[in-house]
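Trainee: For reference, the sequence and a predicted model appear below.
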Amino acid sequence: MKMKYLGVDGCPGGWLAAGEKDSGEIELDLYKDFVTLWQENSSPELLLIDIPIGLKKSGSTERLCDRAARSFLSKRSSSVFPVPFRPALKAESWQQANRTNKEVSGRGLSRQSWGLADKIKEIDDFLGRFPGAVELMHESHPELVFWALNGCQEMAANKKSQEGFAERKRVLARFFDRLSSLIDNAQEDLEFDAFGQDDIVDALALLAAARRGEKKLISLPDEKMRDDRGLKMEIVYPQPVPDVISASDS
């Protein structure tokens, strides 16, 4: 079923998508590959995805959007991983990618960042095949989105912990009716071993941001930057929402 707004998070089983239909109904779906996701939800009004889009080919500095995103976060700044330079995505092993990244940028590549390489390459290849998607989807980051949705206060606990999951649910409950049922149904109906609880709240956070509309998105950095293929090197987040929900609120 085609969605008007989408929040998409990469997960072990592929891509977990939280979408809103024209009717306002919210649905969570799991897709093995991004092309299928796009073909079944072609031309949404807005799609936010937690994966790097614009990539550097070479240079001594990382993407400015990553640096800017970390500056908004303290406890969660490490969640903004260093992004591989595009040539490193051709590597067949972390060792090879590490060497290539050093050659083109002067810095190595962590194993954690290499763990995202397949997903990053999948989106990079997708945008080459479907150029019409470029202006309809934006890179975002769930921790930055939660910071904005929670009155400019970042999440206190790690998202993979039960405390962190509950904390994020309390924030999302402001934006989704029957949130618990929505999450429970996704865990029952989809292949739960293909994604985690943290993937659910991340996808829903991105959807909450997308539903507010493109005009209410803020782009990092302020200066518009594009890579050598013309893809935006940016991370977007929604205009901050007032009335903070603290970790102690129920």
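Mentor: All right, it came through fine.
Trainee: List the buried residues in the worst-scoring helix or strand of the chain on mean pLDDT.
Mentor: One helix or strand of the chain scores below all others by mean pLDDT, DSSP states H and E: helix 179-189, with a mean of 92. Within helix 179-189, the residues that qualify as buried are 179, 182, 183, 186, counting by 16 or more other CB atoms under 10 Å. Any C-beta I mention is one placed from the backbone N, CA and C, and that applies to glycine too.
Trainee: Which neighbouring elements make contact with it?
Mentor: strand 26-31, helix 162-172, helix 197-211 (3 or more CB pairs under 8 Å, 6 or more residues apart in numbering; DSSP states H and E).
Trainee: Of all these, which one is nearest residue 84?
Mentor: helix 197-211 (20.4 Å; CB to CB).
Trainee: Show me what secondary structure element comes after that closest one.
Mentor: strand 217-220 (DSSP states H and E).
Trainee: now the residue positioned nearest the centre of the chain, nearest residue through space, not along the chain?
Mentor: Taking CA atoms, centre = their mean, the centroid of the chain lies closest to residue 50, which sits 1.2 Å from it. Leaving aside its chain neighbours, residue 50 sits nearest to residue 9 (5.0 Å; criterion: CB to CB, 6 or more residues apart in numbering).
Trainee: Sort out which residues of stretch 64-78 are buried, please.
Mentor: 64, 65, 66, 68, 69, 70, 72, 73, 76.
Trainee: what angle sits between the helix or strand containing residue 9 and helix 197-211?
Mentor: Following DSSP H and E, one finds residue 9 within strand 5-11. For strand 5-11 against helix 197-211, the angle by axes from the mean of the first three to the mean of the last three CA atoms, to 10 degrees is 150 degrees.
Trainee: re earlier: show me the two of the buried residues of helix 179-189 that sit farthest apart.
Mentor: Those two in the buried residues of helix 179-189 that are separated most widely, counting by CB to CB, are 179 and 186, at 10.9 Å.
Trainee: circling back to that earlier point, give me the contact list for the least confident helix or strand of the chain.
Mentor: 26, 28, 169, 172, 173, 176, 197, 200, 204 (CB atoms under 8 Å, 6 or more residues apart in numbering).
Trainee: On the three-state scheme, residue 147 is what?
Mentor: helix (DSSP: H, G, I helix; E, B strand; the rest coil).
Trainee: Identify the residue nearest it in space, chain neighbours excluded?
Mentor: Excluding the flanking residues, the one nearest residue 147 by CB to CB, 6+ apart is residue 154, at 4.7 Å.
Trainee: so where's the chain uncertain?
Mentor: Scanning the chain for pLDDT under 70 picks out the ranges 1, 243-250.
Trainee: change it to 50
Mentor: Residues of the chain meeting the criterion pLDDT under 50: 245-250.
Trainee: Next, count neighbours for the residue nearest to residue 147.
Mentor: Using other CB atoms under 10 Å, residue 154 has 17 neighbouring residues.
Trainee: got it, and the one 5 residues further on?
Mentor: Residue crowding around residue 159 was assessed by other CB under 10 Å; the count is 22.
Trainee: Surely it touches residue 202?
Mentor: Yes - Residue 159 sits in contact with residue 202 when judged by CB atoms under 8 Å, with a separation of 7.2 Å.
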